[in-house]
Structures are given as structure tokens and as C-alpha cells.
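J.: I need the structure of the sequence given here:
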Amino acid sequence: SVPELIDLSQEPARTFELYGPDARKPGTFAANCLLARRLAERGVRFIQLFHRGWDQHNDLPKQLPGQAKDTDQACAGLLQDLKERGLLKDTLVVWGGEFGRTVYCQGKLTADNYGRDHHPRCFTMWLAGAGIKPGITYGQTDDYCYNVVKNPVHVHDLHATILHCLGIDHTKLTYKFQGRAFRLTDVHGTVVKDILL
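T.: Here you go, the predicted model:
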């Protein structure tokens, strides 16, 4: 099935326009987003895409626009394509990383070069499809984007919510080992119901 899966010759020109000019170049993020849609169509249950290089401790003004150019249209195209094909209703798309970035400068601050450090307290992720309310923002930071001041979502809550969207009750996965309860969300986690349809 793999040769047929990766053969994009039957995709219409509109599809490549949707995902962006890089969609025709194998190995690009845009091409991988198109392959992700093709995998989802064929019933693949878990698909993971990477886009490397978001670690701008310096050269942020030069690097970040390129990162956004690589990913923005391709991600929007993937969501639109999934929706048009009726796949978004039962496909959960999760976009994020393992931490945020500080809003203040790291290193020397000049007009054309600076960076931002790792920031585990506050960061953004977005979710789409599979029962997630579209077009909402949940959570809020202080005026300095340093601490969460409203609707914090712990990683255990995020995991519980993802599992819920996949039809899994995370509390049912609890098992005992050496006298302690374990599960995928540790022994914590609450589904964030306010972001669900």
C-alpha cells in the first residue's frame, strides 16, 4: 500500500495550491501534511509530523519568519482538507512543543538579532477537530506572559483531554505497581470540558 500512498500524481492542482508551493517537494513540511491527510484517509490511527528548528536562542528575527512560512499554509491546508473530506470530525490535530519561550530577550539585544529562552510556565498549543470547539482561546497569562493567571491547563489535563477526544477515559487506565497507582496521566488530570463541543 505504501507506493500508492506516496504517489501524489493523482492529486489535483487545487490540493497542492491548498497546502502551498512546497507540497510538491518530498520531505518538506507541506508535503508531509498532504501525506498525513492521505494516511488519515486510509485509517492510520496515529500520525506524527515534525518541523525542526524552533529553538531560537539567537537569530530569532531571521529564523522565525521562515519557520512560520514553512508551517502556516500547510497546517491550514491540512485542516481545510480534512474538513472538506469529512475527516476532521473524528481526527484530532494537536500542534505544540514541549515548552514555551520567554517574551524577554536572551543574549545580546540588537535591532536585528536576539533570542528567547525556554519557558515551561506558559506556552500555547492548539487543538482542532474530534469535538474541540473551533475558534476559541482558553487560558490567560499575566501582562508579562510569565505566569498563568486564568484557566491553567496542566500537561496531565491536556493528556486527559486528548485521550477523551480519542474516546478513552484516562481514569480507566489506572493500574497498581509496587503499591502505587499509575496511569498515562499519572494519577492526575481533568478533562478540560470548556474547550469541547
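
J.: hey, let's count contacts and neighbours off CA atoms from now on
T.: Will do.

J.: Where do the helices of this protein begin and end?
T.: Remark: helices assigned in the chain by DSSP state H are 2-6, 13-19, 29-41, 60-84, 155-165.

J.: most neighbours per residue, which of those helices?
T.: Of all the helices of the chain, helix 29-41 carries the top mean neighbour count, a mean of 21, counting by mean count of other Cα atoms under 10 Å.

J.: Packing partners of that helix?
T.: Under the contact definition 3 or more Cα pairs under 8 Å, 6 or more residues apart in numbering; DSSP states H and E, helix 29-41 sits against helix 2-6, helix 13-19, helix 60-84.

J.: In CSV, list the helices of the chain along with distance to Pro134 and mean pLDDT.
T.: Listed next are the helices of the chain as CSV, based on distance: least, Cα to Cα, whole Å; pLDDT from 0 to 100:
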stretch, distance to Pro134, mean pLDDT
helix 2-6, 30, 92
helix 13-19, 20, 98
helix 29-41, 19, 98
helix 60-84, 11, 97
helix 155-165, 14, 97
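
J.: and the ones you listed as TSV, adding distance to Thr110?
T.: Output for those, formatted as TSV (distance: least, Cα to Cα, whole Å):
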stretch	distance to Thr110
helix 2-6	45
helix 13-19	35
helix 29-41	31
helix 60-84	10
helix 155-165	35
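
J.: neighbours of Arg180, just the number please.
T.: Other residues near Arg180 come to 9 when the count uses other Cα atoms under 10 Å.

J.: wouldn't Arg24 be in contact with Cys33 here?
T.: No. Contact between Arg24 and Cys33 fails when scored by Cα atoms under 8 Å: they sit 11.2 Å apart.

J.: and the gap between the closest residue to Val94 other than its chain neighbours and Arg38?
T.: Nearest residue to Val94 in three dimensions, chain neighbours excluded: Leu127, at 4.6 Å (Cα to Cα, 6 or more residues apart in numbering). Using Cα to Cα, to the nearest Å, one obtains 20 Å as the distance from Leu127 to Arg38.
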